[in-house]
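Chemist: Just to be clear, the model below is a prediction. Sequence and coordinates:
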2 protein chains.
Amino acid sequence: MMEIYRSELSQKFVELFLEKMEFTEEEFSITLSYFKREYVPRKYFYLKAGQISRQRAYINKGSTRTFTSDEKGGEHILFFAFEDWWVGDLESYYNQQPASVNVQAMEDCELLVISKTDLENLWIQIPKLKKLFEQKEQRASFATMHRLQEVKSLSAEERYQNLLNKFPQIFQRIPLQYIAMYLDIEPQSLSRMRKRLSGK
Amino acid sequence: MMEIYRSELSQKFVELFLEKMEFTEEEFSITLSYFKREYVPRKYFYLKAGQISRQRAYINKGSTRTFTSDEKGGEHILFFAFEDWWVGDLESYYNQQPASVNVQAMEDCELLVISKTDLENLWIQIPKLKKLFEQKEQRASFATMHRLQEVKSLSAEERYQNLLNKFPQIFQRIPLQYIAMYLDIEPQSLSRMRKRLSGK
DNA sequence: CGTCTATTTGAATGTACTCAAAAGCGGTGG
DNA sequence: CCACCGCTTTTGAGTACATTCAAATAGACG
């Protein structure tokens, strides 16, 4: 049995349970015992559209992109995700239906995952855990709404500035062509835009 | 006390509680006693950005648009809503913070509303009611995700076709200029597009 | 019937796109 | 260590399509 050690966990993961949720050490170690580590090397997929998502995943290390493909081969990035984010397709998870999105590692990823059945057992043992996941889902839902509002009301240039404000290091971790997919413009256009704006 | 009579309710509202949720007649009449009617004439606002949403609203009759305004005065429609839909700003409702969206009647609306405090009391009396609202929230969350995916991956023309497929009667109920805001194109462009596509 | 607003049509403009090629960068193996 | 290869980013030029500005038509409502 591959146990997950405390020392290998991100500080945020420990905080989440011990501080924010006020778990006892025992509750935390029970919880931890249900999680498994999953490594996803750069460019590999954690989830492919069409598959059924049977687990929840926490990013302990690395980054991912969640994207859809259109029939013309174009890819459209809905979200990037970094350490301390949860990723997946919740609709696929809850309805056990094919996922509509892909989740691909942008850097080598170490995920902490828990299967649907394990999680359901676990929150019988520790009821307040259910609240935690409901909270996370609500936040994810609000984030999706914010993203929709952003996409609808801001120009590509404004969205680019927003992204840089939120993640100033983004270009160190995510290649330009993917940032272009996030903004829904061509890499050439992003390159020109970047040049134009950096001269200010 | 303005009681709401069964005969004034849309069939869907009755079905929702009596059939889908398997309420008893008593549970249903308790539930109904908490709801109030609210009339919103065409062009009036049910909710304005900046206000705090303190209730949930069910559209018994009419239609609304949920939209954001940008600093240049542009308006961007996130959703239209018709009979049997729930509208509002959930983030504002749950966090008691200013709403980021506007909800405006596109036709004279009759809403069935329940305040946050009433709903909280009600679902102590009838616990399964909480499940219902959680379900509705989850569906709303998935709908937001679908809309985001649509906005990102389809062209204005494809989104127009989608809209027509989902609501063939849309032009009978929603003026062209608002459909243009939904598609994020200018009314002139929609007019030309419509002409072009109708000739097929 | 007249006024106000919404929609349609026309023509000119601009911005992001496409196609194409050059430059930059990273990794591998000689 | 450097030379080569593949891939990413940048730059250039021409094009297409929605936008803007402007005006004409159509519809709604008193």
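Modeler: Here it is on my side, so go on.

Chemist: mind listing the strands in chain A by residue range?
Modeler: A:36-40, A:45-47, A:55-61, A:64-69, A:75-81, A:86-87, A:102-105, A:109-115 (DSSP state E).

Chemist: What residues of the first one count as buried?
Modeler: When burial is assessed from 16 or more other CB atoms under 10 Å in any protein chain shown, strand A:36-40 yields the following buried residues: A:Lys36, A:Val40. All C-beta atoms are positioned from the backbone trio N, CA, C, and that covers glycine.

Chemist: Now do that strand: which elements does it pack against?
Modeler: strand A:109-115 (3 or more CB pairs under 8 Å, 6 or more residues apart in numbering or on different chains; DSSP states H and E).

Chemist: What is the strand it packs on packed up against?
Modeler: By 3+ CB pairs under 8 Å, 6+ apart, strand A:109-115 packs against strand A:36-40, strand A:55-61.

Chemist: How many residues are close by whichever residue of chain A sits closest to DNA strand C?
Modeler: As assessed by CB to the nearest atom of the strand, DNA strand C sits closest to A:Ser189 within chain A, at 3.2 Å. The tally of other residues near A:Ser189 (other CB atoms under 10 Å in any protein chain shown) stands at 14.

Chemist: is chain B contacted by the lengthiest helix in chain A?
Modeler: Counting by DSSP state H, the longest helix found in chain A is helix A:128-153. Yes - contact of helix A:128-153 with chain B (CB under 8 Å from any CB of the partner chain) involves A:134, A:137-138, A:140-142, A:144-149, A:151-153.

Chemist: between that helix and strand A:109-115, how many degrees?
Modeler: 130 degrees (axes from the mean of the first three to the mean of the last three CA atoms, to 10 degrees).

Chemist: which residues does A:Gly88 contact?
Modeler: A:Tyr46, A:Leu47, A:Ser53, A:Gln55, A:Arg56, A:Ala57, A:Val103 (CB atoms under 8 Å, 6 or more residues apart in numbering or on different chains).

Chemist: can you check A:Ile126 too?
Modeler: A:Phe23, A:Glu27, A:Ile30, A:Thr31.

Chemist: swap the cut-off to 10 Å and go again
Modeler: A:Phe17, A:Met21, A:Phe23, A:Thr24, A:Glu26, A:Glu27, A:Phe28, A:Ile30, A:Thr31, A:Tyr34, A:Leu132 (CB atoms under 10 Å, 6 or more residues apart in numbering or on different chains).

Chemist: Could I have the CA atoms of stretch A:103-115 written out in CSV?
Modeler: Extracted C-alpha coordinates of stretch A:103-115, given in CSV (Å, rounded to 0.1, in the frame of the first residue of the first chain):
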residue,chain,number,x,y,z
VAL,A,103,-7.5,17.9,-18.7
GLN,A,104,-3.9,17.8,-19.8
ALA,A,105,-0.7,18.3,-17.7
MET,A,106,1.2,21.4,-18.8
GLU,A,107,4.1,20.5,-16.4
ASP,A,108,4.8,17.1,-14.7
CYS,A,109,2.0,16.8,-12.2
GLU,A,110,1.6,15.1,-8.9
LEU,A,111,-2.1,14.7,-8.1
LEU,A,112,-3.8,13.5,-5.0
VAL,A,113,-6.9,11.6,-6.1
ILE,A,114,-9.8,10.0,-4.4
SER,A,115,-12.3,7.8,-6.1
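
Chemist: How far does it sit from its chain's centre?
Modeler: 8 Å (CA atoms, centre = their mean, to the nearest Å).

Chemist: That stretch near DNA strand C anywhere?
Modeler: No - on the criterion CB under 7 Å from any atom of the strand, stretch A:103-115 is out of touch with DNA strand C, staying 11.8 Å away.

Chemist: what's the average pLDDT for that stretch?
Modeler: In this model, stretch A:103-115 has a mean pLDDT of 96.

Chemist: So which bits of it are buried?
Modeler: A:Val103, A:Gln104, A:Ala105, A:Met106, A:Glu107, A:Cys109, A:Glu110, A:Leu111, A:Leu112, A:Val113, A:Ile114.

Chemist: how about CSV for the helices and strands packed on strand A:109-115, with mean pLDDT and distance to DNA strand D added?
Modeler: Output for the helices and strands packed on strand A:109-115, formatted as CSV (pLDDT from 0 to 100; distance: least, CB to the nearest atom of the strand, whole Å):
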stretch, mean pLDDT, distance to DNA strand D
strand A:36-40, 94, 18
strand A:55-61, 96, 22
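
Chemist: So, low pLDDT: which residues of chain A?
Modeler: Within chain A, the stretches with pLDDT under 70 are A:1-2, A:199-200.

Chemist: Residues of chain A that sit close to DNA strand D?
Modeler: A:Pro175, A:Leu176, A:Gln177, A:Pro187, A:Gln188, A:Leu190, A:Ser191, A:Arg192, A:Arg194, A:Lys195.

Chemist: buried subset of the residues you listed?
Modeler: Using 16+ other CB under 10 Å, the buried members of these are A:Leu190.

Chemist: Turn the residues of chain A next to DNA strand D into CSV, including distance to A:Leu78.
Modeler: Putting the residues of chain A next to DNA strand D into CSV (distance: CB to CB, whole Å) gives the following:
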residue, distance to A:Leu78
A:Pro175, 17
A:Leu176, 18
A:Gln177, 16
A:Pro187, 18
A:Gln188, 22
A:Leu190, 18
A:Ser191, 23
A:Arg192, 24
A:Arg194, 22
A:Lys195, 27
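
Chemist: circling back to that earlier point, could you confirm whether the longest helix of chain A reaches DNA strand C?
Modeler: No - shown here: helix A:128-153 not in contact with DNA strand C (CB under 7 Å from any atom of the strand), separated by at least 13.6 Å.

Chemist: same check, this time on stretch A:67-84
Modeler: No - on the criterion CB under 7 Å from any atom of the strand, stretch A:67-84 is out of touch with DNA strand C, staying 8.6 Å away.

Chemist: mind saving the C-alpha coords of that stretch as CSV?
Modeler: Extracted C-alpha coordinates of stretch A:67-84, given in CSV (Å, rounded to 0.1, in the frame of the first residue of the first chain):
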residue,chain,number,x,y,z
PHE,A,67,-9.9,22.5,-22.7
THR,A,68,-12.5,21.5,-25.4
SER,A,69,-11.8,20.6,-29.0
ASP,A,70,-13.9,21.7,-31.9
GLU,A,71,-14.5,19.8,-35.1
LYS,A,72,-12.0,21.9,-37.0
GLY,A,73,-9.2,20.7,-34.6
GLY,A,74,-9.1,24.0,-32.6
GLU,A,75,-8.6,23.7,-28.9
HIS,A,76,-10.2,26.2,-26.4
ILE,A,77,-8.8,26.4,-22.9
LEU,A,78,-11.4,27.0,-20.3
PHE,A,79,-9.0,27.1,-17.3
PHE,A,80,-5.5,26.7,-16.3
ALA,A,81,-5.0,25.1,-12.9
PHE,A,82,-2.0,25.2,-10.6
GLU,A,83,-1.0,23.9,-7.2
ASP,A,84,-3.9,23.7,-4.6
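
Chemist: Noted, bye for now.
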